[in-house]
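Peer 1: Let me see the structure of the following:
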Amino acid sequence: MADTYDFGLVGLGVMGRNFILNVADNGFTAYGNDLDEEKVNALISEGGDTSKVNASTDAKTFVAALSTPRKIMLLVPAGKVVDIVIESLLPHLDQGDIIIDGGNSFFTDTDRREAYLKEKGINFFGAGVSGGAKGARKGPSIMPGGSREAYQYVKPVFEAVSAKYKGEPCVAYLGPKSAGNYVKMVHNGIEYGLMQLTSEIYDLLKKAGGLDNETLHQTFASWNAGRLQSFLVEITSQIFAQKDDLGDGHLVDKILDKAKQKGTGKWTSQNAMDLGIPVPTIDIAVSMREISALKNERLEADKIYDRPTPESVVKDSLVGKAEQALYFSFIMTYAQGMHQLADASNEYGYELQLGEIAKIWRAGCIIRAALLADITEAFQADAGLRNLLLSPSFVPKVKETVGAARELVAYGATNGIPLPGLSNALTYFDAYTSGRLPLNLIQAQRDYFGSHTYERLDQEGIFHTEWED
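Peer 2: Predicted coordinates for the structure are as follows:
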């Protein structure tokens, strides 16, 4: 048994166990902690050598086993559990020790915890970890925020265990306070949008094009070999090939169409509204999960209202347009998320570098995609870029694909196939690229009924009119 261990981790569920084994695989000794003795024993058994990987159910034993300054990561459910674990560790910690929350905590909770622990001389990090259980074991994307000085103690471990993109670690210090948790929150919001868009294109190809699961598998696999290469497109192609091990046919056709959520997409949407940043594709992705939960009501309504029979289309043409529309809407979703990050950085003092964020998303995380290499280059070329749609490198990509998005949105509306994510992506584009919107009428209405004033195009100043009744 080692005298002291380099890294500690609390929460030995699947994510925690995989992460700590990843740490051990990369040359660091690691010690785990969990109240569940079975999980502790499972880690010790899987680790194989207690001089490299060990664990305990006792907090005091756990903390005493770590080298100073202690580096302790929490992979426990967000919320009160995080506070409970922190309190259990505090009596055994020394000033200068480091606690890292690797869960999906709400960013204001991270700010509160950092301030609380700072008074006690303890460094606190919020570090987003993306990649799921497999990513935790083989290399996730990690998004840490907190004290820059304290991060130097954590940096060697995080760089070793993170995913690599062409040899570069997919982790970087992002900024002070809750910068890491905030970036992970928006990452998850983007994830909601991309998943919604992918499901809509699947629905369109199946209902309008009549593509069976084998053809869908081949179609998404071919897309994954091109500019749509991404983790989500890759696993989507694999899902269509999965046979049902409990019956005949393909598994995807047997899964109930009710999508659940853990709240991070909703937080992204809510905070974007607080900041005044439009993220309509993410907004509707959250709403569609809520609509999906109304299964019984949807079945009842389906019997009441007649639905159009989709007009026949040329399959090859549909598949080509679907690829273009999905690429277009992916760009819109990333653009909305990056816009929110830029504004939040100014509002909360995060000092975020958007090119660095896109860079660490290129591998390991759920939203990793070939497109992120282009996004990285766009923000590295212009650190002050206000929106991805204004990048010279993205203008031709959007111009080439927006036409297909228009055609499919129109087809969906005419034929009763809901495409809200794609529709909102297109509406966002059309509104953002419109030099004049009809909101002058809204300002007139507000001034009419509430004396809220307005500005003019032809004169400087604030105006109010006594409108004729």
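
Peer 1: residue contacts, residue 219?
Peer 2: Contact analysis of residue 219 by C-beta atoms under 8 Å, 6 or more residues apart in numbering lists 205, 211, 237, 319. Every residue, glycine included, has its C-beta placed from N, CA and C.

Peer 1: Need the max-distance pair from those residues.
Peer 2: Pairwise distances across those (C-beta to C-beta) peak at 13.4 Å, for the pair 237 and 319.

Peer 1: Export stretch 32-46 to CSV, keeping only CA atoms.
Peer 2: Extracted in CSV, the C-alpha atoms of stretch 32-46 (Å, rounded to 0.1, in the frame of the first residue of the first chain):
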residue,chain,number,x,y,z
GLY,A,32,-11.6,6.4,-3.7
ASN,A,33,-14.4,7.0,-1.2
ASP,A,34,-18.0,5.9,-1.1
LEU,A,35,-20.5,5.1,1.7
ASP,A,36,-21.4,1.9,-0.2
GLU,A,37,-19.0,-0.8,0.8
GLU,A,38,-19.9,-2.9,-2.3
LYS,A,39,-18.7,0.0,-4.6
VAL,A,40,-15.5,0.4,-2.5
ASN,A,41,-14.8,-3.4,-2.8
ALA,A,42,-15.6,-3.3,-6.6
LEU,A,43,-13.1,-0.6,-7.2
ILE,A,44,-10.4,-2.3,-5.2
SER,A,45,-11.1,-5.6,-7.1
GLU,A,46,-11.0,-3.9,-10.5
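
Peer 1: Closest one of the contacts of residue 219 to residue 21?
Peer 2: residue 237 (28.7 Å).

Peer 1: Please give the element, helix or strand, for that closest one.
Peer 2: helix 231-241 (DSSP states H and E).

Peer 1: Equivalent analysis for residue 46, please.
Peer 2: Here residue 46, judged by DSSP H and E, is contained in helix 37-47.

Peer 1: likewise residue 54?
Peer 2: Going by DSSP H and E, residue 54 is in strand 53-56.

Peer 1: For the very next helix or strand once past that strand, list every residue counted as buried.
Peer 2: Using DSSP H and E, the helix or strand that follows strand 53-56 towards the C-terminus is helix 59-64. Within helix 59-64, the residues that count as buried by 16 or more other C-beta atoms under 10 Å are 59, 62-63.

Peer 1: do stretch 229-249 as well
Peer 2: For stretch 229-249, by 16+ other C-beta under 10 Å, it's 230-234, 236-237, 239-241.

Peer 1: want to try a markdown table for the residues you listed, with pLDDT as columns?
Peer 2: Listed next are those as a markdown table, based on pLDDT from 0 to 100:
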| residue | pLDDT |
| --- | --- |
| 230 | 97 |
| 231 | 96 |
| 232 | 97 |
| 233 | 98 |
| 234 | 97 |
| 236 | 98 |
| 237 | 98 |
| 239 | 97 |
| 240 | 97 |
| 241 | 97 |
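
Peer 1: Doesn't residue 77 belong to a helix?
Peer 2: No - per DSSP: H, G, I helix; E, B strand; the rest coil, residue 77 lies outside any helix segment and is coil.

Peer 1: Domains in the protein, by residue range?
Peer 2: Here the domain parsing of the chain from automatic domain parsing is 7-177, 184-432, 439-469.

Peer 1: Let me know which of the ones you listed is tucked in deepest.
Peer 2: When you average the neighbours per residue for each of the domains of the chain (mean count of other C-beta atoms under 10 Å), domain 7-177 leads with a mean of 20.

Peer 1: In the stretch 251-400 of the chain, where is pLDDT below threshold?
Peer 2: Counting by pLDDT under 70, the stretch 251-400 of the chain contains no low-confidence residues.

Peer 1: Partner strands of the strand holding residue 54, with direction?
Peer 2: Under the criterion DSSP bridges, strand 53-56 sits next to strand 30-33 (parallel) in its sheet.

Peer 1: circling back: following element in sequence after the helix holding residue 237, please.
Peer 2: Assigned by DSSP H and E, the successor of helix 231-241 is helix 264-275.

Peer 1: Kindly spell out which helices and strands sit in contact with that next one.
Peer 2: Contacting helix 264-275 under the criterion 3 or more C-beta pairs under 8 Å, 6 or more residues apart in numbering; DSSP states H and E are the following elements: helix 179-207, helix 280-292, helix 315-348.

Peer 1: Show residues contacting it.
Peer 2: Residues outside helix 264-275 that contact it (C-beta under 8 Å, 6+ apart) are 104, 106, 184-186, 188-189, 191-192, 278-279, 282-283, 285-286, 289, 337, 340, 343-344, 347.

Peer 1: what does stretch 300-311 give?
Peer 2: By C-beta under 8 Å, 6+ apart, the surrounding residues in contact with stretch 300-311 are 207-208, 411, 414-417.

Peer 1: start to end distance for it?
Peer 2: 25 Å (C-alpha to C-alpha, to the nearest Å).

Peer 1: how far out from the middle of the chain is that stretch?
Peer 2: Relative to its chain's centre, stretch 300-311 lies at 34 Å (C-alpha atoms, centre = their mean, to the nearest Å).

Peer 1: wait, what's in contact with the residue most central in space within the chain?
Peer 2: Closest residue to the average C-alpha location of the chain: residue 188 at 1.9 Å, with C-alpha atoms, centre = their mean. When contacts are counted by C-beta under 8 Å, 6+ apart, residue 188 touches 104, 130, 264-265, 268.
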